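Q: structure, please.
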Amino acid sequence: MTAATPTRRRLVDPDAPSYRWWLLLVTSLGALLASLTSGTLVIALPDILRDLHTDLFALLWIVVGYTLVVTVLVLNAGRLADIFGRTRTYTLGLVVFTLASAFCAIAPTPLTLILGRVVQGVGGAFMFANSSALVTDAFPRSELGRALGLNAMVVGAGLILGPILGGWLTGFNWRFVFWFNVPLGLVGIIAALVILVERTPPQRSISIDWVGSGLYLVALLALMTSLAFGGLYGWTTWWVVGGFVLFLALMPIFLLVEARARTPILDLSLFRDRLFAMGNLTGLLNGVARNSVLFLLVFYLQGVKGDDPVTAGIKLAPLAVGLLVLSPISGALADRYGSRELATLGMLVTAAGLAGLLSIGIDTPYWQLALWQLVIGAGSGLFNSPNTSAVMGVVPPAKRGIGAGMRAMLTNTGFVISIALAIGLMTSAMDPRVLVAVFSGTQTGASGIDLGPFINALHVAFAAGFIASLVGAGLSLLRGGHRSWTEDAETGEEAAAESLIVDAESGASI
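A: Numbers count the residues shown, from 1 in each chain. Below you'll find the predicted structure:
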């Protein structure tokens, strides 16, 4: 594919072989920003609860409001990227995210903080929808797994540093976890402006599917609300049951609308490819399985163990070490051997780590907690890079924006379900007022509270993740041989070739 002619002089020649590595650096900076934000916020939640005098309802929205917006908007963000250009929309995402971080830092009430997180989600949607598409555009298929692996390694570094940095910043004030995003975001914006160029022609004829977006928002919101508050208000309460019914009723309507839409946000034709379909479903289940682990362990360490934020952050580092170490290795192996076995093994290793967490209790020594965190992180490292490489590798270049958006949508849907389900299971097991006290760190096991129900609820949440991992491993095996989109080298015409070739999993090379 020929690069678009830049409209102004760039720091790096877009036709030079080094350009793709500069592009990887810029997108990795955005990935680092997103991963740092996740870790720093979670470790600061107890302080936010105490300072803003919030409750479980506001807590849920502070945590998942950002991800819910990303999940719903990321599809339209991918479509807008196809219309206006991936570089422009990625840079816009950095700008919005940075401004919203500054707003969150000065938020005086839980409501304004939630609003700031929602706006952050708008910026995050543009970043998520374009980062993997930009990398996939720039790198040849033989190097794509390694590139995505390096990107995931940066995410792993952010996940390690996030809780530690968050604990240190929270020692000054929890608002610094948001102020910290601002200079990092400014660096990312400047880098994107002086380095990135558009490499795919815009498609101006595409329209936005607002009906589909609205249906998906209402359906996911109904599911999240019922999962999160069923334990607090009763699983048989009319509006809790109604939320589940509404979700089940709207999803088929959503799929029907998308099947008939001229420019759907969810391109169902991509799911005709078994690798794309199974890879995305596995990614969703991986999100359900592991994304509540950090959230739950923060409150276990600060509430049950009584650790301060810095100590808790350091103790959570093993969760990301495995991801940091294995992501680039698994990405390189996926380039050579394919994704099916590696992604499946990653899900099984994650299941083993979650099974290990079923043994933790009030007096569990830290080395056991660190071991099982390390195993879960290793599973994530084995899974993420090969799965992302496989999913994005079969998407035609003209649809990579929406393909990346669909992948991010399903992954983030798993995150939203995971956190909501964890809160629902917790509130089912113990008095919500005691739960808030444990979460905020105002009371610990030494205070005479019976924390048995809290530990039991942790076990149920980890068991749910264990089951999701096993189901995901089974689906991963159904993805078939690893295949890649390639262009016809003889004609050299953009978007003219539509050959899918079989790589190392079936004995051929790319």
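Q: what ranges do the helices span in the stretch 201-350 of the chain?
A: Per DSSP state H, counting those that start in this stretch, the stretch 201-350 of the chain carries helices over the ranges 210-233, 238-260, 274-299, 309-315, 318-337, 340-357.
Q: what kind of secondary structure is residue 479 in?
A: coil (DSSP: H, G, I helix; E, B strand; the rest coil).
Q: quick one, what contacts the closest residue to it other than its chain neighbours?
A: If the residues on either side of it in the chain are set aside, residue 479 comes closest to residue 278, at 3.9 Å by Cβ to Cβ, 6 or more residues apart in numbering. C-beta: built from backbone N, CA, C; applies to glycine. Residues counted as contacts of residue 278 (Cβ atoms under 8 Å, 6 or more residues apart in numbering) are 475-476, 478-480.
Q: can you say which of those are buried?
A: Buried members of those, counted by 16 or more other Cβ atoms under 10 Å: 475-476, 479.
Q: from these, which is closest to residue 163?
A: Comparing those against residue 163 with Cβ to Cβ places residue 476 closest, at 28.7 Å.
Q: thinking that closest one is in contact with residue 343, fair?
A: Yes - using Cβ atoms under 8 Å, residue 476 is in contact with residue 343, at 4.8 Å.
Q: give me the common contacts of these two.
A: Common neighbours of residue 476 and residue 343 (Cβ under 8 Å, 6+ apart) are 279, 282, 387.
Q: and of those residues, the nearest to residue 321?
A: Within those, the smallest distance to residue 321 is 19.9 Å, found for residue 387 (Cβ to Cβ).
Q: which residues touch the closest one?
A: 279, 282-283, 286, 339, 343, 346, 476.
Q: tell me the two of these that are most distant?
A: The distance between the two most remote of these (Cβ to Cβ) is 13.1 Å, for 286 and 339.
Q: ok, now how distant is the nearest residue to residue 417 once chain neighbours are set aside from residue 126?
A: Distances taken as Cβ to Cβ, 6+ apart place residue 288 nearest to residue 417, at 5.3 Å, with adjacent residues excluded. Separation of residue 288 from residue 126 (Cβ to Cβ, to the nearest Å): 25 Å.
Q: who's more crowded, those two?
A: A count of neighbours by other Cβ atoms under 10 Å puts residue 126 above the other of residue 288 and residue 126, at 30 against 24.
Q: name the nearest residue to the more buried one, ignoring sequence neighbours.
A: residue 93 (2.8 Å).
Q: thinking that neighbour is in contact with residue 120, fair?
A: No - between residue 93 and residue 120 there is no contact under Cβ under 8 Å: 10.2 Å.
Q: how far away from the center of its chain is stretch 455-464?
A: Offset of stretch 455-464 from its chain centre (Cα atoms, centre = their mean, to the nearest Å): 22 Å.
Q: how about that stretch: buried residues?
A: Buried-residue list, stretch 455-464, by 16+ other Cβ under 10 Å: 455, 457-462, 464.
Q: who's in contact with that stretch?
A: The contact list for stretch 455-464 (Cβ under 8 Å, 6+ apart) reads 288, 292-293, 296, 300, 304, 354-355, 357-358, 360-362, 421-422, 425-426, 428-430.
Q: show me how to select, in PyMOL, the buried members of the residues you listed.
A: Those of the contacts of stretch 455-464 that count as buried under 16+ other Cβ under 10 Å are selected in PyMOL with:
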select buried, resi 288+292+293+296+300+304+354+355+357+360+421+422+425+426+429+430
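Q: what are the ranges of the strands in this protein?
A: 483-486, 499-502 (DSSP state E).
Q: weakest of these in terms of mean pLDDT?
A: Lowest mean pLDDT of the strands of the chain: strand 499-502, a mean of 27.
Q: least confident secondary structure element in the chain?
A: When each helix and strand of the chain is scored by mean pLDDT, DSSP states H and E, strand 499-502 comes last, with a mean of 27.
Q: tell me the mean pLDDT over stretch 333-352?
A: 85.
Q: hang on, I meant stretch 168-180
A: For stretch 168-180, mean pLDDT is 90.
Q: how far out from the middle of the chain is it?
A: For stretch 168-180, the distance to the chain centre is 23 Å (Cα atoms, centre = their mean).
Q: from residue 283, how far out is residue 412?
A: The gap separating residue 412 from residue 283 is 10 Å, by Cβ to Cβ.
Q: what about residue 243, how many neighbours?
A: Count around residue 243 with other Cβ under 10 Å applied: 22.
Q: show me the contacts for the closest residue to it other than its chain neighbours.
A: Among residues not flanking residue 243 along the chain, residue 226 sits closest, at 3.3 Å (Cβ to Cβ, 6+ apart). Counting by Cβ under 8 Å, 6+ apart, residue 226 makes contact with 239-244, 247.
Q: quick check: angle from the helix ranked longest in the chain to helix 274-299?
A: Scanning the chain for the helix with the most residues, using DSSP state H, yields helix 19-52. If you take axes from the mean of the first three to the mean of the last three Cα atoms, to 10 degrees, helix 19-52 sits at 40 degrees to helix 274-299.
Q: quick check, residue 136 in contact with residue 393.
A: Yes - between residue 136 and residue 393 there is a contact under Cβ under 8 Å: 7.3 Å.
Q: ok so, going back, of the helices of the stretch 201-350 of the chain, which is nearest residue 26?
A: Across these, residue 26 has its closest neighbour in helix 318-337 (18.1 Å, Cβ to Cβ).
Q: now the angle between helix 274-299 and the closest one, please.
A: Going by the same axes, to 10 degrees, helix 318-337 makes 170 degrees with helix 274-299.
Q: count the neighbours of residue 452 for me.
A: Residues near residue 452, counting by other Cβ under 10 Å, number 12.
Q: tell me the spacing between it and residue 358.
A: Applying Cβ to Cβ to residue 452 and residue 358 gives a distance of 15 Å.
Q: go on, residue 330?
A: To residue 358, residue 330 is 26 Å away according to Cβ to Cβ.
Q: could you do residue 56 as well?
A: Where residue 358 is concerned, residue 56 sits at a distance of 24 Å (Cβ to Cβ).
Q: next one: phi and psi at residue 55?
A: phi -130, psi -170 (degrees, to the nearest 10).
Q: any idea how far it lies from residue 222?
A: Taking Cβ to Cβ, one finds residue 55 at 21 Å from residue 222.
Q: which one of those two has more residues nearby?
A: Taking other Cβ under 10 Å, residue 55 and residue 222 do not tie; residue 222 has more neighbours (21 against 13).
Q: pretty sure that one contacts residue 243?
A: Yes - using Cβ under 8 Å, residue 222 is in contact with residue 243, at 4.2 Å.
Q: can you tell me which residues contact the most centrally placed residue in the chain?
A: Residue closest to the average C-alpha location in the chain (Cα atoms, centre = their mean): residue 412, at 5.1 Å. By Cβ under 8 Å, 6+ apart, residue 412 lies in contact with 67, 70-71, 74, 128, 287.
Q: ok, 7 Å please
A: Counting by Cβ atoms under 7 Å, 6 or more residues apart in numbering, residue 412 touches 67, 70-71, 74.
Q: same question, residue 67
A: Per Cβ under 7 Å, 6+ apart, neighbours of residue 67: 121, 412, 415-416.
Q: so for residue 189, what's the nearest residue that isn't a sequence neighbour?
A: Closest to residue 189 by Cβ to Cβ, 6+ apart is residue 94, at 4.9 Å.
Q: related to what we said a few turns ago, quick one: the residue nearest to residue 417 from residue 24, how far?
A: According to Cβ to Cβ, residue 288 stands 29 Å off from residue 24.
Q: from the contacts of residue 412, pick the one nearest residue 87.
A: residue 74 (17.1 Å).
Q: residues near that closest one, how many?
A: Residue 74 has 30 nearby residues by other Cβ under 10 Å.
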